[in-house]
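A.B. asks: Build me a structure from this.
(chains A and B)
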There are 2 protein chains.
Amino acid sequence: MENRALLQSWQEVSTRVERELERLLALPSAAAGVQGLSVLNEAMRYTALGGGKRFRAFLAVAACQAAGGDAYEALPFACALEMIHAYSLIHDDLPAMDNDDWRRGRPSNHKVFGEAMAILAGDALLTDAFALLAGTALRRSGEECRRWLRALEELAVAAGSVGMVGGQACDIWASGAGEGSTPPAVDERTLREIHTRKTGALIRAAVRGGALIGGADEERLALLTRYAEALGLAYQISDDLLDAAARSEPASYPALLGLEGSRRRLLEVAEEARGAAGKLGQAGDLLQELVTFIVERRS
Amino acid sequence: MENRALLQSWQEVSTRVERELERLLALPSAAAGVQGLSVLNEAMRYTALGGGKRFRAFLAVAACQAAGGDAYEALPFACALEMIHAYSLIHDDLPAMDNDDWRRGRPSNHKVFGEAMAILAGDALLTDAFALLAGTALRRSGEECRRWLRALEELAVAAGSVGMVGGQACDIWASGAGEGSTPPAVDERTLREIHTRKTGALIRAAVRGGALIGGADEERLALLTRYAEALGLAYQISDDLLDAAARSEPASYPALLGLEGSRRRLLEVAEEARGAAGKLGQAGDLLQELVTFIVERRS
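C.D. replies: I've put the predicted structure just below:
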């Protein structure tokens, strides 16, 4: 029952985000008739639209609501998150990085548009996300404008050199691709370092940014931050466990803790996340349900 | 004489920007002992520090002063511009793009750090530039905070899909690298389209951002915008003319208008830029001198 409410809410957010991204990523009038720009636009839309669970967007909207705000006030922030997530997928799939030819059952961006255009499509999604956030902040005044600016800063720090990009650099380094030599041994500290930054930072920024936009006071913000950090870790461990069924990754929890150990760790961090959300009262119900969903997911 | 004042002022800005970038790009304490992060940091520093004329930074500082502000109030903005400029150089040099092994007399970023780390270093410089601007804006209040936010938005739009990245996409498209087939014929509209976006947009944002931070009223902002657009074009034509001595580029002014035609066009846009700066009164003196410098430069 509760689970149905969660999925319904998630589905609704996903639909609204999709529609808004469709609008935001329409070919700008300034680009009409300029072929290089329309190809770039097509490449951006290819990855940013029509796929993905919109997990980060949902988190931002749910956190905004849990903080006491109107859920969809965070919609532009949710879209910026998805644009940045899409950019990271495009760049991660490049031959020089993870060299993935497939993404979500379709050829990856560079297989369709070529490497050069894929690099540029990623760059453009990242940059345009900040233009979107700055424009949104400027259309607000006073304290509200500042909250948006804080959300923008959260996201930039989380996506940058000590956040998501840094995590990818650690991953590249750990897998030896950065130097073409034998990968160094991965211990739990390194693994945690990779995950906290590579996927954790953006999940944390989704929750904190949504909460800031929703007008969270410092106490609520602290609870939601604890929630986000535990949820991000749970998300990663469950991801690793799902992957472990298919193939063995050296930098993963099952490789390090074994399947049983990973499942135990997953339950621990899930409890931590539920505990933090529980302290938010009824406003945290959806966030609690989300933890259960992440723990129990099968895909 | 005037020229000496210009060069002295430029040199001073360049030194201060270099020192500030050195501070901003120091290895963050959070990254100490994490090898992936320190390699990423090294790759960012390799291109962002120790080279370059700091032309965009100088423009921002000069425009801030011409708008009536304290010149160095624009210092963080000038640094963000140089970080974004550095990111664009790293990505442009990649094998999938212009495939340049050398930059400023040194091996290009990917030749030293590998393609994966070079892509990430570019991504990180771009993202961290927005974190820097948002943080700077948040440390200011009221109207001043809003001016910084406007400058941030200017820069994001100028660097994004209809600005610098878009210009690079047009260039890739025009040179046929996007599809690996015969390049289409480049007419003046296409050439202008490439240049206006690829180099013009960031130069325009440097001037407008600096002017906004300096507290320009709308009239001054309009004059400085006219100045920036003409200067950007002059910069590009003079660049093309310098290149023409060395090698022939299909997408260039000399290829399209001939050497004489290009020089005539250069003098026209230089006059336009000087005219706009002249209307600023004494505050525009340095900006006028800069036009002459661009027209007469030999390297």
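A.B. asks: ok, A:Glu82 to chain B distance?
C.D. replies: 16 Å (C-beta to the nearest C-beta, to the nearest Å). Every C-beta, even on glycine, is put in place using the N, C-alpha and C of the backbone.
A.B. asks: Quick check: chain neighbours aside, which residue is closest to that residue?
C.D. replies: A:Ala57 (5.2 Å; C-beta to C-beta, 6 or more residues apart in numbering or on different chains).
A.B. asks: And the one you found, what's its pLDDT?
C.D. replies: pLDDT, A:Ala57: 98.
A.B. asks: ok, now how distant is A:Ala66 from A:Ala234?
C.D. replies: Distance, A:Ala66 to A:Ala234, by C-beta to C-beta, to the nearest Å: 17 Å.
A.B. asks: now A:Ala222
C.D. replies: 19 Å.
A.B. asks: Show me which of the two is the more surrounded one.
C.D. replies: Set A:Ala222 next to A:Ala234 and count neighbours by other C-beta atoms under 10 Å in any protein chain shown: A:Ala234 wins out with 25 against 15.
A.B. asks: burial measure for the residue nearest to A:Glu82, as a count.
C.D. replies: A:Ala57 - counted by other C-beta under 10 Å - has 29 other residues nearby.
A.B. asks: Which SSE is immediately downstream of the helix or strand where it lies?
C.D. replies: Taking DSSP states H and E as the definition, A:Ala57 sits inside helix A:55-66. Once the chain leaves helix A:55-66, the next helix or strand it forms, by DSSP H and E, is helix A:75-93.
A.B. asks: Determine the set of other helices and strands touching the helix or strand following that following helix.
C.D. replies: Per DSSP H and E, the first helix or strand lying C-terminal to helix A:75-93 is strand A:102-103. Where contact means 3 or more C-beta pairs under 8 Å, 6 or more residues apart in numbering or on different chains; DSSP states H and E, strand A:102-103 is not packed against any helix or strand.
A.B. asks: How far does strand A:102-103 sit from its chain's centre?
C.D. replies: With C-alpha atoms, centre = their mean, to the nearest Å as the basis, strand A:102-103 stands 17 Å off its chain's centre.
A.B. asks: Mind listing the strands whichever helix or strand comes after that strand pairs with, and their directions?
C.D. replies: As assigned by DSSP H and E, the chain's next helix or strand after strand A:102-103 is strand A:106-107. Strand pairing for strand A:106-107, using DSSP bridges, gives strand A:102-103 (antiparallel).
A.B. asks: which residues touch the strand it pairs with?
C.D. replies: Strand A:102-103 is contacted from outside by A:Thr47, A:Leu89, A:Asp93, A:Ser108, A:Asn109, using C-beta atoms under 8 Å, 6 or more residues apart in numbering or on different chains.
A.B. asks: Relative to chain B, which of these is nearest.
C.D. replies: The closest of those to chain B turns out to be A:Asp93 (C-beta to the nearest C-beta; 11.4 Å).
A.B. asks: Contacts only, for the closest one.
C.D. replies: A:Asn99, A:Asp100, A:Asp101, A:Arg103, A:Ser108, A:Asn109, A:His110, A:Ala118.
A.B. asks: Might you list the low-confidence residue ranges for the stretch 151-299 of chain A?
C.D. replies: A:177-185, A:246-248 (pLDDT under 70).
A.B. asks: all helices in it, in order from the N-terminus.
C.D. replies: Using DSSP state H, counting those that start in this stretch, the helices of the stretch 151-299 of chain A run over residues A:164-174, A:188-195, A:201-213, A:218-246, A:253-278, A:285-296.
A.B. asks: which residue sits farthest out from the middle of chain A?
C.D. replies: Using C-alpha atoms, centre = their mean, the residue of chain A lying farthest from its centre is A:Gly33. It sits 33.5 Å away.
A.B. asks: Give me the three-state assignment for that one.
C.D. replies: coil (DSSP: H, G, I helix; E, B strand; the rest coil).
A.B. asks: ok, now which ones touch the residue nearest to A:Ala283 when sequence neighbours are not counted?
C.D. replies: Nearest non-adjacent residue to A:Ala283, counting by C-beta to C-beta, 6+ apart: A:Ala66, 4.6 Å away. Residues near A:Ala66 by C-beta under 8 Å, 6+ apart: A:Ala211, A:Gly214, A:Arg220, A:Leu224, A:Ala277, A:Leu280, A:Ala283, A:Gly284, A:Leu286, A:Leu287.
A.B. asks: any idea which of these is closest to B:Ser14?
C.D. replies: A:Ala211 (41.7 Å; C-beta to C-beta).
A.B. asks: Tell me how far that closest one lies from chain B.
C.D. replies: From A:Ala211 to chain B the distance is 17 Å (C-beta to the nearest C-beta).
A.B. asks: got it, and A:Lys53?
C.D. replies: From A:Lys53 to chain B the distance is 23 Å (C-beta to the nearest C-beta).
A.B. asks: Kindly report the same for A:Phe113.
C.D. replies: Separation of A:Phe113 from chain B (C-beta to the nearest C-beta): 8 Å.
A.B. asks: Likewise for A:Asn3?
C.D. replies: Distance of A:Asn3 to chain B, given as C-beta to the nearest C-beta: 36 Å.
A.B. asks: got it, and A:Glu289?
C.D. replies: For A:Glu289, the distance to chain B - C-beta to the nearest C-beta - is 32 Å.
A.B. asks: Ok, A:Leu256 next?
C.D. replies: Using C-beta to the nearest C-beta, we find A:Leu256 at a distance of 17 Å from chain B.
A.B. asks: Could you pull up the residues touching that residue?
C.D. replies: A:Val186, A:Asp187, A:Glu188, A:Leu191.
A.B. asks: one step back: mind giving me TSV with the contacts of A:Asp93 and columns for neighbour count?
C.D. replies: Below are these laid out as TSV (neighbours: other C-beta atoms under 10 Å in any protein chain shown):
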residue	neighbour count
A:Asn99	13
A:Asp100	16
A:Asp101	10
A:Arg103	18
A:Ser108	23
A:Asn109	28
A:His110	25
A:Ala118	24
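A.B. asks: closest to B:Ile172 among the residues you listed?
C.D. replies: Proximity of the contacts of A:Asp93 to B:Ile172 (C-beta to C-beta) peaks at A:Ala118, which lies at 11.1 Å.
A.B. asks: now A:Thr225, nearest residue through space, not along the chain?
C.D. replies: Spatial nearest neighbour of A:Thr225, excluding adjacent residues (C-beta to C-beta, 6+ apart): A:Arg208 at 5.9 Å.
A.B. asks: isn't the residue nearest to A:Glu82 right up against A:Val17?
C.D. replies: Yes. Between A:Ala57 and A:Val17 there is a contact at 4.5 Å, judged by C-beta atoms under 8 Å.
A.B. asks: which residues do those two both contact?
C.D. replies: Taking C-beta under 8 Å, 6+ apart as the contact rule, A:Ala57 and A:Val17 both touch A:Ala78, A:Cys79, A:Glu82.
A.B. asks: Please work out how many residues are found near A:Val13.
C.D. replies: Residues near A:Val13, counting by other C-beta under 10 Å: 23.
A.B. asks: Tell me how far it lies from A:Gln65.
C.D. replies: Counting by C-beta to C-beta, the gap from A:Val13 to A:Gln65 is 10 Å.
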